[in-house]
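Chemist: Sequence isn't available, so here's the structure alone:
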């Protein structure tokens, strides 16, 4: 188990629990978020073709298990990044895949990897803003590790719903909002009880948390993590016409080396999930 408190983000990025907060520019002078273009190169190298360790062993299997793609279906991959989910959708039988992301650099990386496949197309677009791509033509949609990366959860949920045919389904996998809040959730050790516990300093209010992507280099590269209580997220889904039909919690597959804390760490890994998965249908 990762005793330094590192957690997967946007499908495999990482943030340190003791990141430097908002002591670097995460927004432009006009007040808008800087977006992911500035960290796209770092993120693409981190995730690569197959995804991070968490992608391969936890996140992507969880997404596909919930999504249950059927042969011939059209699937929207919303906030697709560099397209790490695409191959899994095609292998499951999807006849059409549209990847949507606001980062032109990540869309470029996705096109390099999958652009030659006639079943796949990519679009640079803000997933939170109204767009022609959300046209009710998709059987299914996925949003993988990105809900906490967008400033407008309500807009995202509306677009996910609008992209689907009536009765279509969407799968959302995100950092678990109840247990994984950068800078506000931590591991602790109770020496008397010999247990590793999870401590939350904040949860009940929405938070914008600046994240340095490469803090050791002393650069101002960073993104914003948007924490929202679970009730707020589910309510926004309901307002968008999405009815939750299944919920799953995804746990770390990692285990620490044998040592004096390993038993307690293994138990904690089995008790506190890393990610939350929701399956919903367009009502």
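Modeler: Received it, and whenever you're ready, just let me know what you need. None of the values given here were measured: they were computed from a predicted structure.
Chemist: going forward, measure contacts and count neighbours with C-alpha atoms only.
Modeler: Fine.
Chemist: Tell me which stretches of this structure form helices.
Modeler: With DSSP state H as the criterion, the chain has helices at 40-47, 53-54, 60-67, 86-91, 104-114, 153-163, 230-239, 262-271.
Chemist: how distant is the third one from the center of its chain?
Modeler: Yep, that's helix 60-67 we're talking about. From the chain centre to the centre of helix 60-67 is a distance of 13 Å (CA atoms, centre = their mean, to the nearest Å).
Chemist: which residues does residue 63 contact?
Modeler: By CA atoms under 8 Å, 6 or more residues apart in numbering, the contact set of residue 63 is 142, 144, 171-173, 277.
Chemist: run the last query once more with 7 Å
Modeler: For residue 63, the contact set (CA atoms under 7 Å, 6 or more residues apart in numbering) comprises 171, 173.
Chemist: Go through stretch 106-125 and flag the buried ones.
Modeler: 106-111, 113-114, 120-125 (16 or more other CA atoms under 10 Å).
Chemist: and what of stretch 230-238?
Modeler: Here stretch 230-238 shows 233-234, 236-238 as buried, counting by 16+ other CA under 10 Å.
Chemist: Farthest-apart pair in the residues you listed, please.
Modeler: Taking CA to CA as the measure, the buried residues of stretch 230-238 span a maximum distance of 8.8 Å, between 233 and 238.
Chemist: Leaving out sequence neighbours, find the closest residue to residue 224.
Modeler: residue 210 (4.7 Å; CA to CA, 6 or more residues apart in numbering).
Chemist: and the one you found, how far is that from residue 199?
Modeler: Residue 210 sits 20 Å away from residue 199, going by CA to CA, to the nearest Å.
Chemist: ok, back up a step: export the buried residues of stretch 230-238 as JSON lines, with columns for pLDDT and distance to residue 154.
Modeler: Shown next, in JSON lines, are these (pLDDT from 0 to 100; distance: CA to CA, whole Å):
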{"residue": "233", "pLDDT": "98", "distance to residue 154": "8"}
{"residue": "234", "pLDDT": "98", "distance to residue 154": "10"}
{"residue": "236", "pLDDT": "98", "distance to residue 154": "6"}
{"residue": "237", "pLDDT": "98", "distance to residue 154": "8"}
{"residue": "238", "pLDDT": "98", "distance to residue 154": "10"}
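Chemist: Could I get the full set of strands for the protein?
Modeler: Using DSSP state E, the strands found in the chain span residues 6-9, 13-16, 74-78, 96-101, 120-124, 138-144, 164-175, 185-190, 195-200, 207-212, 222-227, 242-250, 275-282.
Chemist: I'd like those strands as JSON lines, with mean pLDDT appended.
Modeler: Shown next, in JSON lines, are the strands of the chain (pLDDT from 0 to 100):
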{"stretch": "strand 6-9", "mean pLDDT": "38"}
{"stretch": "strand 13-16", "mean pLDDT": "38"}
{"stretch": "strand 74-78", "mean pLDDT": "98"}
{"stretch": "strand 96-101", "mean pLDDT": "98"}
{"stretch": "strand 120-124", "mean pLDDT": "97"}
{"stretch": "strand 138-144", "mean pLDDT": "98"}
{"stretch": "strand 164-175", "mean pLDDT": "98"}
{"stretch": "strand 185-190", "mean pLDDT": "96"}
{"stretch": "strand 195-200", "mean pLDDT": "97"}
{"stretch": "strand 207-212", "mean pLDDT": "90"}
{"stretch": "strand 222-227", "mean pLDDT": "91"}
{"stretch": "strand 242-250", "mean pLDDT": "98"}
{"stretch": "strand 275-282", "mean pLDDT": "98"}
